[in-house]
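Student: Next one to model:
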Amino acid sequence: MNQNQEQISEIEVSYRPAIGRKSIITSSLDAYTEIKQFFDADTLALQEQFVVMYLNRANRVIGIYPLSTGGITGTVADLRLIVSVALKTVATSIIMAHNHPSGSLRPSRQDEELTRKIKDACTFLDIKLTDHLILSPENEYFSFADEGLI
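Tutor: As a prediction, this is how the structure comes out:
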């Protein structure tokens, strides 16, 4: 092995889906019911969390990725991480969710801009952004899809 080969990282690709009896998402309520389990209920009113659900072509959940936990008024939703996980899992659609510790279900301008930006990136890669949910500590949610915002 020459010196260059020792300095270059090897990339390995594998795909072993464990779909089994995972849920099929047919509505925003289905998505909310599945995804809310991945939020820390003890801090839902304290700090923002961002979670992404990845689905296959049959709308069956492939998996859920807890992307980030932030502060009282925001968290980071890195487009590259969202899309890279979608590509790695061979997802054909995604559903994003984050919470508003304040309890307000009204999307902020930043929420709307982020949704548009991620939708555009996903569209370019032939991945569908199915919904973006905002959760409140009072067990309520807002759906961008239900409101015609996606």
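Student: Let me see the ranges of the strands in the chain.
Tutor: Here the chain has its strands, by DSSP state E, at 49-55, 61-69, 93-99, 128-135, 141-143.
Student: now the third one, how far from the centre of its chain.
Tutor: Put plainly, it is strand 93-99. Put simply, strand 93-99 sits 4 Å off its chain's centre (C-alpha atoms, centre = their mean, to the nearest Å).
Student: Let the chain start at 502 from now.
Tutor: Noted, 502 is the first residue going forward, which turns the last one into strand 594-600.
Student: Report all helices and strands that that strand contacts.
Tutor: helix 529-536, strand 550-556, helix 580-590, helix 610-625, strand 629-636 (3 or more C-beta pairs under 8 Å, 6 or more residues apart in numbering; DSSP states H and E). Placement of C-beta: from N, CA and C, glycine included.
Student: what do you get for the second one?
Tutor: Contacts defined by 3+ C-beta pairs under 8 Å, 6+ apart place strand 562-570 against helix 529-536, strand 550-556, helix 580-590.
Student: Ala578 and Ile595 touch, don't they?
Tutor: No: taking C-beta atoms under 8 Å as the definition, Ala578 is not a contact partner of Ile595, at 11.7 Å.
Student: OK, contacts around Gly575?
Tutor: Glu549, Gln611 (C-beta atoms under 8 Å, 6 or more residues apart in numbering).
Student: Pick the most buried one from the helices and strands packed on strand 562-570.
Tutor: Mean neighbour count (mean count of other C-beta atoms under 10 Å) peaks for strand 550-556 among the helices and strands packed on strand 562-570, with a mean of 23.
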